[in-house]
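**Q** With the input below, show me the fold.
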Amino acid sequence: MMVLRRLLRKRWVLGVVFGLSLIYFLTSTLKQEERTIRDRTLLEVRDSDHRIPWKVRFNLGNSSRQITQCRNSIQGKALLTDELGYVCERKDLLVNGCCNVNAPSTRQYICKSCLANGCCSIYEYCVSCCLQPDKQPLLERFLNRAAEGFQNLFTAVEDHFELCLAKCRTSSQSVQHENTYRNPQAKYCYGESPPELLPV
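**A** Coordinates of the predicted model:
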C-alpha cells in the first residue's frame, strides 16, 4: 500500500496515466465522429438527379381480391381507418382489423372535415380521403417531387395505405414558427400544399 502511494506521487507515473487517458479520449472521440459522418452519408442522396425507387402500389378501388386481414390507423380514440378506405368507430372494428362495412356509421373514402386543398381536421378522414383511387395522380406528383427532407420517410412507404398514413400525419409544413399550427382546424394534409395560414 505504501509502495503504491509513493509510486503515484512520482510525476512520471502521473504523466503516463494522464497521457493514456488523453489517448483514450481522443480515439473514442474520433471513432464517434467517424460514425456520425458515416451515418450522415448514408442518409444523404448521393446524386441530386437520382429518382427515388418508389415502391407504392395503388389500390385500384373495387378490386375483386378478397381481404382476410386489414391494417388500420390504430391510433384513433373514437375512429379508425382501414386500408380499404373505410372509416368506422372503434367499436365497429372486426377482429381481422377491417371496419365492419355493415355498421351504419362506416363509410368508405369519406372526406368529411377535409378542405379543397387536401387538409382535414380529423386524421382518419384525411387517410380515408387520401385512399380514394382518384387521388393517385396527386400522390404520384408528390412522390416525384418529394423534398430531400422527406426522402428518408417516404422511401420506407410500401403502398398507398402507408403513404396516406405518413402523408396525413402533421409535418413541418403544418406548422409555422415551429410551435403553432398554420391552421389548427385543418392540420392533417394529403395534398400538395401546406395548410393555409390563418390570420392571428
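
**Q** how near is S28 to G19?
**A** 15 Å (Cβ to Cβ, to the nearest Å). C-beta coordinates here come from the backbone N, C-alpha and C atoms, glycine included.

**Q** Next: A78.
**A** Using Cβ to Cβ, we find A78 at a distance of 65 Å from G19.

**Q** same check, this time on G191
**A** For G191, the distance to G19 - Cβ to Cβ - is 62 Å.

**Q** repeat for Q32
**A** According to Cβ to Cβ, Q32 stands 21 Å off from G19.

**Q** average pLDDT across stretch 82-89?
**A** Averaged across stretch 82-89, the pLDDT comes to 94.

**Q** Quick one: end-to-end distance for it.
**A** 11 Å (Cα to Cα, to the nearest Å).

**Q** again with stretch 114-134
**A** Terminal residues of stretch 114-134 are spaced 15 Å apart (Cα to Cα).

**Q** Just the buried positions in it, please.
**A** 114-115, 117-132 (16 or more other Cβ atoms under 10 Å).

**Q** Of those, which belong to helices?
**A** Counting by DSSP state H, the buried residues of stretch 114-134 place Y123, E124, Y125, C126, V127, S128, C129, C130 in helices.

**Q** Mind picking out the helix or strand in the chain with the poorest mean pLDDT?
**A** helix 148-155 (a mean of 60; mean pLDDT, DSSP states H and E).
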